[in-house]
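Chemist: Quick one: sequence plus predicted model below, questions after.
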Amino acid sequence: MEKTYSLTAHYDEFQEVKYVSKYNSCSTLSNGFNLQVSSKKQAKKGVPRWSRRETCLLSGLVFAMGICVILGCMLVLKYLSMEQDGQCLEGCQERKAFMRASKFITSNIDPTISPCTDFYSFACGGWLRRHGIPEDKLIYGTIAAIGEQNEEKLEHLLLQPVRRKHKGSAERKVKEFFKSCINMRDIDRLGARPMLQVIEDCGGWDLPEDPKTQWDFDELLYKTQGVYSTAVFFSMTVSLDDKNSSRYIIRIDQDGLTLPERTLYLGQDEESIKILEAYKVFMQTILSLLGVENVEKKAEEILHLEQHLSNITISEFDDMRRDISTMYNKVTLAQLQQITPHLSWKNLLDRIFHANFPEDEEVVVLATDYMHKVSEMIRATPASVLHNYMLWRIVVVLSEHLSTPFRDAIHELSKEMEGSEKQAELTKVCLTQANKHFGMALGAIFVEEYFSSSSKAKVQQLVENIKHILDHRLEELDWMDTETKQAAREKLKHMMVMIGYPDILLQPESVDKEYEFEVNEKTYFKNILNSIRYSIKMAIKKIRQEVDKSTWLLPPQALNAYYLPNKNQMVFPAGILQPTLYDPDFPQSLNFGGIGTIIGHELTHGYDDWGGQYDANGNPIQWWTEDSYSKFLKKAECIVDLYENFTVYNQRVNGRTTLGENIADLGGLKLAYHAYQKWVRDNGPERPLPRLKYTHNQLFFIAFAQNWCIKRRSQSIYLQVLTDKHAPEHYRVMGSVSQFEEFGRVFHCPRNSPMNPVHKCSVW
């Protein structure tokens, strides 16, 4: 680049010479080039004498020719320099990327630990030693660092001036929403008033003392479910019909607890007792802030009702909740009324959906026994307690949008439950809310600025490479019969893959139509209510609409990926396709080990203990033969036993609860590794990373492990083991690599060493 600047400078000097020469006399030019000849000598030799004009013209011609020669040389040099710089640009970019990758790998590993003894500590020891958990976070890891980079980009975009300023502009709305959220001055000025208006709309805390005034349970149930989108006693959603993925249907399920897991209400150990006490304090604080009378009595009554609900609630980790055929119960409204006689379903649904449903309208109930018990509980519970519980549930859902004292109370509960030392920064909180309420509007400006179509195409090819490997491995399985293999490959063939962002985001007018409600940067709480009511309106519209299987559940900026069994669809948003999980300039060993293993993970979900219940069209149809499914379950049992031998903070990992994710981890690792081997065969070996002694096959496994370099607070670990369907990160890595024969070979691990046991579990 120095040559380029130097040549440019010379070129400018010549431009200056040309400019000055226009104003010099011809004699000056001719003398400068020594062109004047004695007229006497010319006469003697019979040469005609040149006029002053001819001499001037000749001098100008010679000067111009000189300039042309010099400029020609400059252009040649410039071309050669540009060609050299172009080659350097490509080569230098790769060298810089490889250096960056090498630095990342080196800084994270702990070479003092043997990879054959504890591969997680080997791959992540350096990172764990250098990093603490930020005060406002419960967990922190390498993926969280990617999230921070995404957040910085999103915050920058939200603070940019609005380009499309018209009234219906989604871009304007999301930016004004964000401003309303960070405007704590106005939020604090309003205090509890926005919530008090909601409570008044729902009849206030205390029921009328006049016995002639009858309390209307159905009216409050309508307000909670149909106006404020709050689950009381049960949840009600418009979802794909699990047994007919071509239609939407109303789905009813158990719900209504405030704490994240039913066992926390039972006080079975020291940690759950502490959480329950913190929840009581939280209830009393919030009720006091709202000016409620008899706070302790009301809090106790509400808690008692929630504990009753927890006793009849089935844990999400119960085997019954993982078997769709057991859970799924399609009934008519008339039948539902018989199951739950103390709930007026037709009245409720007609009001919410602005319809006149017939008695034979079908709905899906996922917890029939629970719903029957809830109906009986409603009958037996005093009206005042039912009323206060229902109001409390609305308050819990909306209080995070109120003034500072409410947010402080929420933080105190979170601190006891999860260990967070400091509240999240206001901009981070508001970014979360912008993602929640304006996900696609924010996603549209994110992908325009930070995600290219070329990256989309490259990741698409990566996915196809991994799908190809699964197709090949299905053919090689010795435990699956021909009929089941054919059905499995059919499912793979029809699997939809969504990468980066939905194309609708490239059409601003279409995005605008997704957010047709009012937003004002001075009224944050009202903006939230407007968004909730519009979401309900959109859900209502879907009930009679044709299913569009190309719709996305997450916006493109989401740092996540997912597989939907009822759509047979994998989605990889742009937010997760970022360095260091994916970098188009990194060695492919790191890309296959990073995002590749996540792609393989989601792909394997189509064949785990849950996703394997759905066929190629997303319907829960048994496509396995009885013999193949029996062998699958036997292989899965090996994985259950493997993970139940892991403990963390004296808590045993639940191998059955985490089974689906563990199968996906093991399968995803294998698929991505074999896909990388195929890439090497097709493209040749990669250049070694500078300053690293590890081969690219070893770097593949290191990249996989470093996806999960994560620190958690001790309280967070307690809740993770209790409520998370993923195993703790340490065991996600160790459990996966120790069961893969190729890992032991690549790292030369002795047979029967911790990371290379003789007996291994394998499904895919």
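Modeler: Yep, it's here.
Chemist: ok, Phe282 - contacts?
Modeler: Ala409, Ile410, Glu412, Leu413 (C-beta atoms under 8 Å, 6 or more residues apart in numbering). For glycine as for every other residue, the C-beta is placed from the backbone atoms N, C-alpha and C.
Chemist: repeat that for 7 Å
Modeler: Neighbouring residues of Phe282 by C-beta atoms under 7 Å, 6 or more residues apart in numbering: Ala409, Glu412, Leu413.
Chemist: can you check Met320 too?
Modeler: Applying C-beta under 7 Å, 6+ apart, one finds that Met320 lies in contact with Ile314, Thr326, Met327.
Chemist: ok, so of those, who is nearest Leu266?
Modeler: Among the contacts of Met320, Ile314 lies closest to Leu266 (C-beta to C-beta), at 13.9 Å.
Chemist: So which residues of the chain form strands?
Modeler: Per DSSP state E, the chain carries strands over the ranges 139-141, 234-241, 244-254, 329-332, 362-365, 496-500, 562-564, 569-573, 647-648, 651-652, 710-712.
Chemist: related to what we said a few turns ago, inside helices: which ones of the contacts of Phe282?
Modeler: Of the contacts of Phe282, the ones assigned to helices by DSSP state H are Ala409, Glu412, Leu413.
Chemist: Same list, the residues you listed, but as JSON lines with distance to Gly132, neighbour count and pLDDT please.
Modeler: What follows is those, written out as JSON lines (distance: C-beta to C-beta, whole Å; neighbours: other C-beta atoms under 10 Å; pLDDT from 0 to 100):
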{"residue": "Ala409", "distance to Gly132": "27", "neighbour count": "20", "pLDDT": "97"}
{"residue": "Glu412", "distance to Gly132": "22", "neighbour count": "16", "pLDDT": "95"}
{"residue": "Leu413", "distance to Gly132": "23", "neighbour count": "21", "pLDDT": "95"}
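Chemist: export the residues you listed to a markdown table and tack on distance to Pro111?
Modeler: Supplementary listing: the ones in helices among the contacts of Phe282 in a markdown table, determined by distance: C-beta to C-beta, whole Å:
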| residue | distance to Pro111 |
| --- | --- |
| Ala409 | 47 |
| Glu412 | 43 |
| Leu413 | 42 |
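Chemist: Can you say which of the contacts of Met320 are buried?
Modeler: Applying 16 or more other C-beta atoms under 10 Å to the contacts of Met320, the neighbour count classes Ile314, Met327 as buried.
Chemist: Format the contacts of Met320 as JSON lines; extra columns: distance to Pro573 and pLDDT.
Modeler: Formatted as JSON lines, the contacts of Met320 follow (distance: C-beta to C-beta, whole Å; pLDDT from 0 to 100):
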{"residue": "Ile314", "distance to Pro573": "32", "pLDDT": "92"}
{"residue": "Thr326", "distance to Pro573": "32", "pLDDT": "86"}
{"residue": "Met327", "distance to Pro573": "29", "pLDDT": "89"}
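Chemist: sorry, back to before: I'd like to know which of the contacts of Phe282 is nearest to Glu516.
Modeler: Of all the contacts of Phe282, Ala409 has the smallest distance to Glu516: 34.4 Å, by C-beta to C-beta.
Chemist: That closest one reaches Ile286, doesn't it?
Modeler: Yes. Counting by C-beta atoms under 7 Å, Ile286 is a contact partner of Ala409 at 5.7 Å.
Chemist: now the closest residue in space to Asn566 that isn't next to it in sequence: how far from Glu490?
Modeler: Excluding the flanking residues, the one nearest Asn566 by C-beta to C-beta, 6 or more residues apart in numbering is Gly618, at 4.4 Å. Gly618 sits at a distance of 13 Å from Glu490 (criterion: C-beta to C-beta, to the nearest Å).
Chemist: pretty sure the residue nearest to Asn566 is touching Lys567, no?
Modeler: Yes. Using C-beta under 7 Å, Gly618 makes contact with Lys567 at a distance of 5.0 Å.
Chemist: circling back: tell me the one among the contacts of Phe282 nearest to Leu666.
Modeler: Using C-beta to C-beta, those come closest to Leu666 at Leu413, 36.8 Å.
Chemist: That concludes my questions; thank you for your assistance.
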